[in-house]
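Asks: Below is the structure, and that's it, no one-letter string:
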């Protein structure tokens, strides 16, 4: 009985490596997105704290400084929202690339399974033929 050999084993191994690399890139993009979201959350929290501090001040010169700082925070928040959008787009693209790589790997896995099933069927047919020949030869003796 010959051993099963999948002729595309090297291609399958390459696709598996590519899939894991692309999954790693997707995870990095996801981490970058989470980091950008965290920065945005922190900026909004600072803005809220600054607003509360500014409303409690009686000194008008200090309030003016607080409002200037709030304007700067608003600009930073807008810039951070853009950074979050870019990171989200990069994450989506990386996820799509990973999904395509995973599909390619799974195609080869299914092909290998199909070839293995065909191999097993062929081996069973050959074994049955051998048994039938033995039975026919035994009847002649």
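Replies: Received it, and whenever you're ready, just let me know what you need. Since we're looking at a predicted model, the values are computed, not measured.

Asks: where in this structure is pLDDT low?
Replies: For the chain, the stretches with pLDDT under 70 are 1, 139-141.

Asks: would you list every one of the strands in it?
Replies: For the chain, applying DSSP state E gives no strands.

Asks: can you pull the contacts of the nearest residue to residue 12 once chain neighbours are set aside?
Replies: Leaving aside its sequence neighbours, residue 12 sits nearest to residue 108 (CB to CB, 6 or more residues apart in numbering; 4.4 Å). For every residue, glycine as well, the C-beta is placed using N, CA and C. Listed by CB atoms under 8 Å, 6 or more residues apart in numbering, the contact partners of residue 108 are 8, 11, 12, 15.

Asks: Residue 63 contacts residue 54, doesn't it?
Replies: Yes - in this structure, residue 63 is within contact of residue 54 by CB atoms under 8 Å, at 5.8 Å.

Asks: on that earlier part again, hmm, which of the contacts of residue 108 are the buried ones?
Replies: Among the contacts of residue 108, the ones that count as buried by 16 or more other CB atoms under 10 Å are 12, 15.

Asks: Name the nearest of the contacts of residue 108 relative to residue 80.
Replies: The nearest member of the contacts of residue 108 to residue 80, counting by CB to CB, is residue 15 at 37.9 Å.

Asks: which stretches of the chain form helices?
Replies: 9-55, 60-140 (DSSP state H).

Asks: Show me which of the ones you listed has the highest average neighbour count.
Replies: The highest average neighbour count among these, using mean count of other CB atoms under 10 Å, belongs to helix 9-55 at a mean of 15.

Asks: what is the orientation angle of that helix with helix 60-140?
Replies: Put simply, helix 9-55 runs at 160 degrees to helix 60-140, going by axes from the mean of the first three to the mean of the last three CA atoms, to 10 degrees.

Asks: if we can go back for a sec, let me have the contacts of residue 108 in CSV, adding distance to residue 22 as columns.
Replies: As requested, those are exported to CSV (distance: CB to CB, whole Å):
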residue, distance to residue 22
8, 20
11, 16
12, 16
15, 10
